[in-house]
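Visitor: below: sequence and its predicted model.
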Amino acid sequence: MVLGKQGMRLEALKFSIYILIPVVASISFNNPNTQKYWADYYQYLKFPANPNTNLKEQYEKLAEQRTLQKEQRKEYLDQMKRLQESAQKSREQSAKADTEKKKWW
């Protein structure tokens with residue numbers, strides 16, 4: 001523990017931080033627009049649009065979307081692999097061309 005004037009300043013700084021952070025957080029997050037934004041962002045309030053909604057159909061649609069996303073992800077990964085292979089080939093060709101050019105020296 002620091003004694004004297006410097007110790008008092010340090011303790012005052014720590015105390016003000018302990019008080020300031022919760023006060024600022026409560027003021028900023030108590031704004032209705034902020035609450036609405038975060039509720040929409042994390043979808044805290046997500047209810048079926050209609051009580052007569054067929055949940056089985058919704059689950060089937062979600063399953064179809066998930067399989068479609070998996071297929072798209074697989075196609076994307078295949079494209080990335082092909083791009084990496086073509087980039088590797090072009091690097092090898094340019095390295096080979098560089099070594100052939102150096103032979104003339």
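Guide: Okay, I see it.
Visitor: for Asn54, phi and psi?
Guide: Torsion angles at Asn54 (phi, psi; degrees, to the nearest 10) stand at phi -80, psi 110.
Visitor: residues near it, how many?
Guide: Per other Cβ atoms under 10 Å, the neighbour tally for Asn54 reads 10. Using the backbone N, CA and C atoms, a C-beta is placed for each residue, glycine as well.
Visitor: what segments of the chain are helices?
Guide: 5-29, 32-42, 55-102 (DSSP state H).
Visitor: can you tell me which of these the model trusts least?
Guide: Mean pLDDT is lowest for helix 32-42 among these, at a mean of 84.
Visitor: who does that one touch, helix- and strand-wise?
Guide: Packing partners of helix 32-42 (3 or more Cβ pairs under 8 Å, 6 or more residues apart in numbering; DSSP states H and E): helix 5-29.
Visitor: between helix 32-42 and the helix it packs on, find me the angle.
Guide: In terms of direction (axes from the mean of the first three to the mean of the last three Cα atoms, to 10 degrees), helix 5-29 departs from helix 32-42 by 80 degrees.
Visitor: does anything pack onto helix 5-29? Which helices or strands?
Guide: helix 32-42.
Visitor: same question for the helix it packs on: list its buried residues.
Guide: For helix 32-42, a neighbour-count test (16 or more other Cβ atoms under 10 Å) marks nothing as buried.
Visitor: and that helix, how far out from the chain's middle?
Guide: 18 Å (Cα atoms, centre = their mean, to the nearest Å).
Visitor: equivalent analysis for stretch 34-44, please.
Guide: Here the centre of stretch 34-44 is set off from its chain's centre by 17 Å, with Cα atoms, centre = their mean.
Visitor: cool, and stretch 29-46?
Guide: Worked out by Cα atoms, centre = their mean, stretch 29-46 lies 19 Å from the chain centre.
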